[in-house]
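Asker: Quick one, fold the following:
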Amino acid sequence: MNEDLMMLARNKAGENFKQGYNCAEALFRAYLDILPNDFSPEVARIASTLGGGLGRSGCSCGALTGSELVLGMLAGRDTQTDDLNRIYQLSGELHDRFKEKFGSTCCRVLNKEDYQSQDHFRRCLKITGGASMLLMQFLQEKNLLNGRLDQMIAEMK
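Answerer: Predicted structure coming up:
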């Protein structure tokens with residue numbers, strides 16, 4: 001388990017959040033930066049609707065849904081005939097670990113304050129960074145970095 005990568009993921013997501021990206025955008029953009037990929041920067045817009053628990057509805061935490069986007073990017077199926085059991089199992093396990101770590105997956109439970117308050121900002125920053133770190137640990141543990149790990153470590157140096 002490479003803890004430097006976990007810290008890098010946490011720090012990049014936190015910096016993105018501090019720059020004004022919502023929780024889902026911050027985490028997803030961090031992984032677009034960290035993971036070797038061929039995606040154009042515009043793909044990050046896919047996470048914009050997920051902040052505030054899906055458009056500030058207070059439902060699923062954006063840090064979790066952003067994590068699930070990354071998981072799907074790495075382990076999702078390629079065709080409609082591919083089996084869903086593996087990705088559903090991984091997704092469910094990531095969900096459960098998030099819930100265990102933060103106490104809930106629901107934004108309105110995690111954040112009782114107004115979205116503009118400093119308390120909210122601090123809580124979301126901590127959750128976004130923590131979720132990013134949790135995801136990197138999960139990806140390494142499940143061997144989902146598909147040969148990218150060595151390249152990622154080399155790029156850190």
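
Asker: can you give me the helices for the protein?
Answerer: Here the chain has its helices, by DSSP state H, at 3-18, 23-34, 51-54, 62-75, 85-102, 107-110, 118-141, 149-156.

Asker: could you give the angle of the longest one to helix 3-18?
Answerer: Which is helix 118-141. Comparing the axes of helix 118-141 and helix 3-18 via axes from the mean of the first three to the mean of the last three Cα atoms, to 10 degrees yields an angle of 150 degrees.

Asker: Give me the mean pLDDT for helix 118-141.
Answerer: Helix 118-141 comes out with an average pLDDT of 95.

Asker: what's it packed up against?
Answerer: For helix 118-141, the packing partners by 3 or more Cβ pairs under 8 Å, 6 or more residues apart in numbering; DSSP states H and E come out as helix 3-18, helix 23-34, helix 62-75, helix 85-102. Every C-beta, even on glycine, is put in place using the N, C-alpha and C of the backbone.

Asker: Dead centre of the chain: give me the residue that sits there.
Answerer: By Cα atoms, centre = their mean, the chain has its centre lying nearest to S67, at 2.7 Å.

Asker: one step back: present the helices of the chain as TSV; the columns should include distance to V43.
Answerer: Formatted as TSV, these follow (distance: least, Cβ to Cβ, whole Å):
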stretch	distance to V43
helix 3-18	15
helix 23-34	7
helix 51-54	16
helix 62-75	9
helix 85-102	19
helix 107-110	23
helix 118-141	17
helix 149-156	19
